[in-house]
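Colleague: heads up, no residue letters with this:
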């Protein structure tokens, strides 16, 4: 099977739990004999050489901070998760469509809810698997529960949590 993993960050070198999850999923699928295609945002120069043996094809695009701010505001105004807006990009969507035409994936694995708008935009719901949702937004933060006071940060967290939980259904 040809499987395309969509990641909001380039997973190598591993520098956090989210990147470990992406690579563990890829290793598991690769061990089962599947062909793995990676599509990921980058912040700097990606170490494509580290992908050898794990990912069969790698496609990257640099995340634009100005786009992140703009689309975060748009998603907030539309009542959608801000974190999805932060990672939304028409350039990423174009790259994804190129990958679809070139690689013909049988299944898409989206890492976190951040990638869901791309899945929805191209109608892949029937061939899609989300590996997990952001735990911080699926339960109340103990710090916020303890503070119990109104602040911009608390209001933003509670609003974002509501949107993420609804969007994740």
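Modeller: Received, thanks. Keep in mind that what you see is a predicted model, and the values were worked out from it rather than measured.
Colleague: Residue 75 is in contact with residue 87, isn't it?
Modeller: No: look at residue 75 against residue 87 with C-beta atoms under 8 Å: they stay out of range, at 9.8 Å. Using the backbone N, CA and C atoms, a C-beta is placed for each residue, glycine as well.
Colleague: if you count what's nearby, which of those two comes out ahead?
Modeller: Higher neighbour count among residue 75 and residue 87: residue 87, with 26 against 22, using other C-beta atoms under 10 Å.
Colleague: Thought residue 61 was touching that one, still the case?
Modeller: No: counting by C-beta under 8 Å, residue 87 does not reach residue 61; the two are 11.0 Å apart.
Colleague: Partner strands of the lengthiest strand in the chain, with direction?
Modeller: Looking across the chain with DSSP state E, the single longest strand is strand 35-42. Strand pairing for strand 35-42, determined by DSSP bridges: strand 2-7 (parallel), strand 57-62 (parallel).
Colleague: wait, which of the ones you listed is closest to residue 83?
Modeller: strand 2-7 (14.0 Å; C-beta to C-beta).
Colleague: any idea which helix or strand comes after the closest one?
Modeller: helix 17-31 (DSSP states H and E).
Colleague: which outside residues touch that next one?
Modeller: 3, 5, 7-9, 11-12, 14, 36, 38, 54-55, 109, 111-112, 131-132 (C-beta atoms under 8 Å, 6 or more residues apart in numbering).
Colleague: In this protein, where is pLDDT below threshold?
Modeller: The chain contains residues with pLDDT under 70 at 16-17, 123-169.
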